[in-house]
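J.: All I have is the shape, not the residue letters:
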């Protein structure tokens, strides 16, 4: 890294991307350090598998290496661009691996106090329900609720109108609520999804 | 659908899941892999840029290099001829070469080229490798059950920067094979 470069906190994502395109290794590592958690958590939330999330994160940042120069700031933020890349990789892999929800639940954190374990069990149960959602709703729930993207950012990632994001999120949340309630009564989340199949959106975003 | 969960309750649970996910991050080893990928790509780009030299420039370069090589060869031949004449004796082909007493003839130790190892990640022209000389018991090569071969064989391992061996070559293989067969 050249001495003239400002510290990582002072450099925007777009500046880091430009430096990556120019061949600066440190910029690549800085961007990875700053954004890998976003990509990793998104992939993990979508597929409920650490190895899957790891592979997706690697692939996304390899894509960054190849395509850093193609980033267009006029089309959105670097974060949204990375989520867009991650989304394509996730969907491709889900399609290839047919690994929707059949993997055993992976624990999210470490065991601790009793209260922590209870919270963790609830989180695992909810995550299992999220992973059972149809992928269109899952994307909206993961991006808006778990990654805390705005509707506009989510719409940019999903290449959809904001209204579509809102409706998907609304339906996704309704499905989740139904799945969790039915789960308490003994029905499996998959059964609830099957029952709610009529709620699937007709429009398909690229 | 019956028994819909309370919206507020769902929001609370989603917030819990969100905070649980905050603990997650990719393993630190992945950064090293990406760093290596970055360097490999940069190397590849440098090589590709070198190959994109304009053809005309390249032709002129080769013509100039060939001319320089020819001039150098003529000059070297002339100098060698002059030195030989000055000594009054030019070594003829077939003439005996004096042997220095006690000096051992250089031994050709390398018997094979590097062979790729099974299940290794493979070679990359842009990567750096180290050669490590090892001694391997011949018994580890026994392919026929029940046979035992004593002794060891000297081999060179081609080891990548990650510490994984990519290839192997054997030294003095002929001698060992002959001795093994005669036993």
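T.: Nice, I can see it. Only a predicted model underlies this, so the values are computations on that prediction, with no experimental measurement involved. Residues are numbered from 1 along each chain as shown, chains lettered A, B, ... in the order given.

J.: so what's the backbone phi/psi at the residue most central in space within chain A?
T.: The centroid of chain A falls nearest to residue A:42 when counting by CA atoms, centre = their mean (2.4 Å). With angles defined as degrees, to the nearest 10, residue A:42 sits at phi -60, psi -50.

J.: ok, residue A:15 - contacts?
T.: Neighbour list for residue A:15: residue A:27 [criterion: CB atoms under 8 Å, 6 or more residues apart in numbering or on different chains]. Backbone N, C-alpha and C define where each C-beta goes, glycine included.

J.: quick one, helices of chain A?
T.: Here chain A has its helices, by DSSP state H, at A:13-21, A:25-47, A:50-67, A:78-97, A:114-132, A:135-141, A:151-158, A:162-184, A:189-195.

J.: For residue 182, report the pLDDT, please.
T.: Let's take chain A. At residue A:182, the predicted lDDT confidence score is 77.

J.: Sorry, I should have been clearer: chain B.
T.: 46.

J.: Could you tell me the least trusted of the helices of chain A?
T.: What stands lowest among those, in mean pLDDT terms, is helix A:189-195, with a mean of 50.

J.: Residue B:22 is nearest to which of the helices of chain A?
T.: helix A:25-47 (7.6 Å; CB to CB).

J.: For the closest one, which helices and strands make contact with it?
T.: helix A:13-21, helix A:50-67, helix A:78-97, helix A:114-132, helix B:7-21, helix B:29-51 (3 or more CB pairs under 8 Å, 6 or more residues apart in numbering or on different chains; DSSP states H and E).

J.: Make CSV out of the ones you listed and add distance to residue A:162.
T.: CSV is the format used below for these (distance: least, CB to CB, whole Å):
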stretch, distance to residue A:162
helix A:13-21, 23
helix A:50-67, 24
helix A:78-97, 13
helix A:114-132, 22
helix B:7-21, 20
helix B:29-51, 34
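
J.: Would you mind stating the distance between residue A:23 and chain B?
T.: Counting by CB to the nearest CB, to the nearest Å, the gap from residue A:23 to chain B is 6 Å.

J.: Equivalent analysis for residue A:179, please.
T.: As judged by CB to the nearest CB, residue A:179 and chain B stand 9 Å apart.

J.: Would you format the helices of chain A as TSV with distance to residue B:34 included?
T.: Output for those, formatted as TSV (distance: least, CB to CB, whole Å):
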stretch	distance to residue B:34
helix A:13-21	11
helix A:25-47	6
helix A:50-67	5
helix A:78-97	14
helix A:114-132	27
helix A:135-141	25
helix A:151-158	22
helix A:162-184	31
helix A:189-195	35
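
J.: wait, what's in contact with residue B:132?
T.: Contacts of residue B:132 by CB under 8 Å, 6+ apart are B:156-157, B:159, B:165.

J.: On the three-state scheme, it is what?
T.: State at residue B:132, reduced to three classes by DSSP: H, G, I helix; E, B strand; the rest coil: strand.

J.: which residues does it form a beta bridge with?
T.: Note on residue B:132: beta-bridge partners by DSSP bridges are residue B:157.

J.: And the pLDDT at it?
T.: 81.

J.: Over to the one 4 residues further on?
T.: The model reports residue B:136 with a pLDDT of 77.

J.: Count the residues that sit near it.
T.: Applying other CB atoms under 10 Å in any protein chain shown, we find 14 residues neighbouring residue B:136.

J.: Sketch out the low-pLDDT regions of chain B for me.
T.: For chain B, residues meeting the criterion pLDDT under 70 lie at B:1-5, B:48-112, B:125, B:139-150, B:172-183.
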